Each structure stands twice: as structure tokens, then as C-alpha cells.
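J.: Sharing a model that was predicted from the sequence below.
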Amino acid sequence: MSEDDVVTVAHGSGAGRTRDFLEERVVPRFGGGSEDLPVGLAALDDGAVHDLGDQSLVVTTDSHVVSPLSFPGGDIGRLAVAGTVNDLAVMGATDPLALTCSLIVEAGTSTDLLDSILDSMERTCEEAGVAITTGDTKVMGSGEVDGVVINTTGVGVVPPGEHVSDGGLSPGDKIVLSGPVGDHGITLLAEREGFDIDGDLESDVAPVADLVAAAMDAGTVTAMKDPTRGGFATAINEMVRKADVGVTLEEPTIPVREAVASTGELLGIDPFDVANEGKVVFGVAADDADAVVDALNEHPMGSEAAVVGEVTDENRGRVVLDTGFGERFLSEPGGEQLPRIC
Ligand code: MG
């Protein structure tokens, strides 16, 4: 068998190979749209939007396979709740209605470990103001699954037409980032490699629905995405491709924590390329950008939010990174480096 005949780790990268997989195999089968489906599978957005008449239902789902199960700043339980709450939030559903939880557990997993994961899910649900209202539990034999896998599905509602897609950028919009990038991915990789020398790395995993609501209250948000797997670089490239616009980013304005930058350098990994689990990339109408950044800065999770770039008519489908010394294209990370990051 050739590489094309089997699924590889690269197919799960979240970037190009994942998109190829979805566009060749999944979208042709399930991507058909209809009038009452303003955002369907073919949009490859953070969730779907179903028009119910007087309300729109937002639905999203995610399977969490992170390794290790616990890491500085969080664990798989917190990730499973925050990840799905955040996908709802960046579709505009900032007041989540309910979550489902499907647990797949390896026989031999200690009940103490399972309790600590469930405790963490419970705390994160409280923080996000959401409840798990249905679920499923399966146990697989020892070695048949690695520890614990958690799938969560989330539902929320928004007034008709008030959802926000990740494809809504227009020339002139500002790009606003809610905080420093790379924390989750670099922390996970450092943990795996035993590289967190000073112990000052921590995942940013957290529900961001409140933060998103604050931004939406302060001004017109034209597009949103949570830069998870594939990182900020993948998220912003997806946004320009879908809207057929360009973006120029001012690199010195993009916040990256010192420990994340230096550990990234040691590991040979760019913080722009790795997952965030508590950050949002916003497109904002130019006139509202200052008001949105002010509102984010007042929120405890948005103190470092900033305008980091602008949407352009030129360079359609491309992201230009102005480093302060010159310009280059910012591309998506290639395939294989980061399995099981979220
Ligand atoms: Mg997402």
C-alpha cells in the first residue's frame, strides 16, 4: 500500500491534509446544503447553523484525544468542555444551551484518574454556565484505546441571521487577537519532551464565551475563529481563503509569551503553528476596532488583546506577515508534527 492508501497522522493535523481528507471524502457525501441550513458541513466552519424559524440552532462536536491526559493549566476534561463551548461561541452562540459527553475509557484506567477528569469537567461546566444533559460511556480493552477519549457535542441558539461565520472578512476590517498565541501547543510539546525548564509554561485552555460576548457587544464582529489545532497560522489562512481577501499582519503587535517563544525556539516549533484553547481571532469593522479591543482588555482573559492586522483587497487568499524588517507570506504548518494536541 502507498501512503495514499492509508490514513496517516498528517490527516489529523487540522491544516492542509485534513482539509483534503474532508473535501475529498466527507463533504461530497454529507455537504449538501438546504435553505434552512445557513451554515452546513461544506462550510467547514466551527459548527453548523440550522434555521428553525424564530431562532437559529448552532451545533458543534469535537473528540478530544490529548496526550498526556493532564498538563500544566488543564486536563482532557477541561479541554473537552472548553473546546466545544468555544466552537459554539465563535459561531455567535455565547450562551451555550447544553453539552453531550461521550466517554471512551481503556480498561485498567484508575477510577481516581477518571474522577479527577470528571471533576475538572464539572468545574469547567460551572465556569461556562452549561450542563451536560446526555451522554454515553464505553469501555475498551487494555491497549485498544489509550487511556481516555472524550467526545462532546454542544448546542446553542442565536436570533436568526445573527450567527458569525469564519468566512465574513471584508477589505478594511481589522484583525483582533484576544491574547498571546501558542500557549497550549508549546506547553503540551514541552511536557512531552520534558522541556519546561522553568515551569512557567501553562496551557490557556478556558471557555471564552464571555469574552466573545463582550467583543460582540462592543462592535461589529464580521468573522470569528478559535485558533485551535493548526494554530493562529492555520486559522487566519482559512479565514482569508474563505472570504477571498488578503490580510497583512504586523508581527510585532502579535502577543507571544516570553516562555512560549523561547521554548518554541528550543523545540523548533513556531508558536503561530500550534494550538490555542482559550483564544479568539476576530475580524472587526474598522470603526469598531478600538471599542472591541477596549472591551476585551477590560475582561480578565483579554488583557493583552490587540489589533494585529488589516484585511486587504490585494494578496487574495494569502496572509502577509510584516516582521518590521520586511514582508513574507505566513503559510499553514505542514502535516505531521503535532498529533494528539487537543
Ligand atoms: Mg474551532
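T.: Thanks, I have it.
J.: other SSEs contacting whichever strand in the chain runs longest?
T.: Ranked by residue count and defined by DSSP state E, the top strand of the chain is strand 148-158. Counting contacts by 3 or more C-beta pairs under 8 Å, 6 or more residues apart in numbering; DSSP states H and E, strand 148-158 is packed against strand 56-64, helix 76-89, strand 98-106, helix 111-128. In short, each C-beta sits where N, CA and C put it, glycine included.
J.: So which elements touch the longest one?
T.: Read it as helix 111-128. Helix 111-128 packs on strand 74-75, helix 76-89, strand 98-106, strand 148-158, going by 3+ C-beta pairs under 8 Å, 6+ apart.
J.: if you set the cut-off to 10 Å instead, what comes out?
T.: strand 70-71, strand 74-75, helix 76-89, strand 98-106, strand 132-140, strand 148-158, helix 209-218 (3 or more C-beta pairs under 10 Å, 6 or more residues apart in numbering; DSSP states H and E).
J.: So which of the ones you listed is nearest the ion?
T.: For the helices and strands packed on helix 111-128, distance to the ion was read as C-beta to the ion. The smallest value, 4.5 Å, belongs to helix 76-89.
J.: Would that closest one count as contacting the ion?
T.: Yes: looking at helix 76-89 against the ion by C-beta under 5 Å from the ion, the contacts come from residue 87.
J.: residues in contact with the residue of the chain found nearest the ion?
T.: Nearest to the ion, among the residues of the chain, is residue 46, at 3.8 Å (C-beta to the ion). Residues near residue 46 by C-beta atoms under 10 Å, 6 or more residues apart in numbering: 39, 58, 60, 62, 84, 86-91, 93, 164-166, 224-226, 228, 235.
J.: quick one, phi psi at it?
T.: phi -80, psi -10 (degrees, to the nearest 10).
J.: Skipping adjacent residues, who's closest to it in space?
T.: residue 87 (4.3 Å; C-beta to C-beta, 6 or more residues apart in numbering).
J.: repeat for residue 27
T.: Per C-beta to C-beta, 6+ apart, closest to residue 27 is residue 42, 5.1 Å.
J.: Count the neighbours of the one you found for me.
T.: For residue 42, the tally of surrounding residues (other C-beta atoms under 10 Å) stands at 16.
J.: Kindly provide the distance from it to residue 22.
T.: 9 Å (C-beta to C-beta, to the nearest Å).
J.: Mind listing the shared neighbours of the two?
T.: 28, 30, 31.
J.: Touching, the second one and residue 42? I think so.
T.: Right, the one you point to is residue 30. Yes: taking C-beta atoms under 10 Å as the definition, residue 30 is a contact partner of residue 42 at 8.5 Å.
J.: surely residue 143 meets residue 106?
T.: Yes: between residue 143 and residue 106 there is a contact under C-beta under 10 Å: 7.5 Å.
J.: When those two are compared, which one has more neighbours?
T.: residue 106 (16 against 9).
J.: Please name the residues that touch that one.
T.: 139, 140, 141, 142, 143, 144, 145, 146, 147, 148, 149.
J.: Now do the SS call for residue 19.
T.: helix (DSSP: H, G, I helix; E, B strand; the rest coil).
J.: And for it, nearest residue in space, chain neighbours not counted?
T.: residue 44 (7.0 Å).
J.: where's the one you found relative to residue 20, distance?
T.: For residue 44 relative to residue 20 (C-beta to C-beta), the value is 12 Å.
J.: the more surrounded of these two?
T.: With neighbours defined as other C-beta under 10 Å, residue 44 and residue 20 compare such that residue 44 has more, 18 against 12.
J.: how much space between that one and residue 340?
T.: 21 Å.
J.: do residue 18 as well
T.: For residue 18, the distance to residue 340 - C-beta to C-beta - is 14 Å.
J.: Also residue 261?
T.: Residue 261 is 23 Å from residue 340, by C-beta to C-beta.
J.: pLDDT score for residue 243?
T.: Per-residue confidence (pLDDT) for residue 243: 98.
J.: Would you agree it is in contact with residue 225?
T.: No: under the criterion of C-beta under 10 Å, residue 243 makes no contact with residue 225, lying 11.3 Å away.
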